[in-house]
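>>> What follows is a predicted protein model with its sequence.
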Amino acid sequence: MDLVLVRHAKSEHDDYVQHDMLRHLSAKGYREAGEMALRWKDLGMRTGIVVSSPAIRAFTTAQIFALTFGISTDRIKLSVDIYEADVSDLMKVISSLTDDEATVMIFGHNPGLTMLVNHLCGPVIDHLPTAGLAHIRLDVTSWREVVGGSGRLLSFLD
């Protein structure tokens with residue numbers, strides 16, 4: 001099974017936004033997300049199930065990927081458990097996935113995504129940058145079987 005973790009692209013630090021979840025992508029963020037989605041597609045990769053934090057910056061990044069792959073954006077599943085998540089929160093999200101699809105893309109935030117990569121694969125990255133992508137191959141047959149150390153980092157795009 002393949003897990004693809006994508007950190008949201010660069011966001012605005014708007015003074016007028018009253019809640020962190022409402023921060024939008026910056027102009028640079030839109031470019032970053034579009035470029036990363038094209039890089040992923042040009043590698044011949046697929047998206048599978050798309051699950052995103054409901055934070056606007058993460059959801060918008062997920063939408064850009066979906067549109068690049070010709071997937072209807074209403075197929076993006078939102079999970080509030082990804083927002084401000086630590087490794088245990090993210091592991092719960094993963095274990096709750098159905099086994100209908102062998103590839104899942106999760107769009108979220110740091111430091112949780114960086115910690116998750118290292119939890120699954122060992123200490124392999126220092127930092128998942130904005131719009132960064134980590135492709136992990138999991139040696140499991142069900143999402144419920146995912147545990148620390150069960151993954152191997154196949155690619156890291158930044």
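Received, thanks.
>>> In the protein, mark out all the helices, start to finish.
Using DSSP state H, the helices of the chain run over 27-42, 56-68, 87-95, 112-121.
>>> In CSV, list these along with mean pLDDT.
Below are those laid out as CSV (pLDDT from 0 to 100):
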stretch, mean pLDDT
helix 27-42, 97
helix 56-68, 97
helix 87-95, 98
helix 112-121, 98
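>>> and residue 9, which of the ones you listed is closest to it?
Among the helices of the chain, the nearest to residue 9 by CB to CB is helix 27-42 (3.7 Å). To be clear about C-beta, it is placed using only N, CA and C from the backbone, and glycine gets the same treatment.
>>> For the closest one, list every residue counted as buried.
Residues 29-30, 32-34, 36-37, 40 are the ones in helix 27-42 that count as buried (16 or more other CB atoms under 10 Å).
>>> Please name the residues that touch residue 77.
By CB atoms under 8 Å, 6 or more residues apart in numbering, the contact list for residue 77 reads 49-52.
>>> ok, 6 Å please
Going by CB atoms under 6 Å, 6 or more residues apart in numbering, residue 77 touches residue 51.
>>> that older thread, what's the closest of the helices of the chain to residue 8?
Closest among the helices of the chain, using CB to CB: helix 56-68, at 4.2 Å.
>>> Neighbours of the residue lying closest to residue 28 once chain neighbours are set aside, how many?
Counting by CB to CB, 6 or more residues apart in numbering, residue 28 lies nearest to residue 10, which is 4.8 Å off, once chain neighbours are set aside. Neighbour count for residue 10, taken as other CB atoms under 10 Å: 20.
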